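Undergrad: pasting a predicted model and its sequence here:
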Amino acid sequence: MSSMTMTIRVPTDVSDKLARLAKGTRRSRSFLAAEAVAAYVDRELSIIDGIEQGMADVAAGRVVPHDIAMDRVDTVIAKARADRA
């Protein structure tokens, strides 16, 4: 996998914690920072993808009115309570 070099500024305390983590895990600060950035980017892109899918669903009319959705939720909750009793 190819890579590129980036320069970022982080608060001193974050840099200190990263150094401590690197020492404790025997990984480089660069490796750990790259892993953290990758995880953050994946998580945020997943959120954006979900929002975009939701907006496409609304545009295409693939929605359930709130009151109907809540009736369905209430039915599931009532059934779960009845099953416990």
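TA: Thanks, I have the structure now.

Undergrad: and the residue most central in space within the chain, what's its pLDDT?
TA: For the chain, the residue nearest the mean C-alpha position is Arg43 (3.6 Å; C-alpha atoms, centre = their mean). Arg43 carries a pLDDT score of 98 in this model.

Undergrad: show me the helices in the chain, by range?
TA: 12-25, 29-59, 66-84 (DSSP state H).

Undergrad: quick one: mean pLDDT for the first one?
TA: It stands for helix 12-25. On average, helix 12-25 scores 98.

Undergrad: quick one, that helix and helix 29-59 angle?
TA: Orientation of helix 12-25 against helix 29-59 (axes from the mean of the first three to the mean of the last three C-alpha atoms, to 10 degrees) gives an angle of 110 degrees.

Undergrad: just the CA trace of helix 12-25, in PDB.
TA: What follows is helix 12-25 as a C-alpha-only set of coordinates in PDB (Å, rounded to 0.1, in the frame of the first residue of the first chain):
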ATOM      1  CA  THR A  12       1.500  19.100  23.400                       C
ATOM      2  CA  ASP A  13      -0.500  16.900  25.800                       C
ATOM      3  CA  VAL A  14      -1.800  14.800  22.800                       C
ATOM      4  CA  SER A  15       1.800  14.500  21.500                       C
ATOM      5  CA  ASP A  16       3.000  13.400  25.000                       C
ATOM      6  CA  LYS A  17       0.200  10.800  25.200                       C
ATOM      7  CA  LEU A  18       1.000   9.500  21.700                       C
ATOM      8  CA  ALA A  19       4.600   9.200  22.700                       C
ATOM      9  CA  ARG A  20       3.600   7.300  25.800                       C
ATOM     10  CA  LEU A  21       1.300   5.000  23.800                       C
ATOM     11  CA  ALA A  22       4.100   4.400  21.200                       C
ATOM     12  CA  LYS A  23       6.500   3.400  24.000                       C
ATOM     13  CA  GLY A  24       4.000   1.100  25.700                       C
ATOM     14  CA  THR A  25       2.900  -0.600  22.500                       C
END
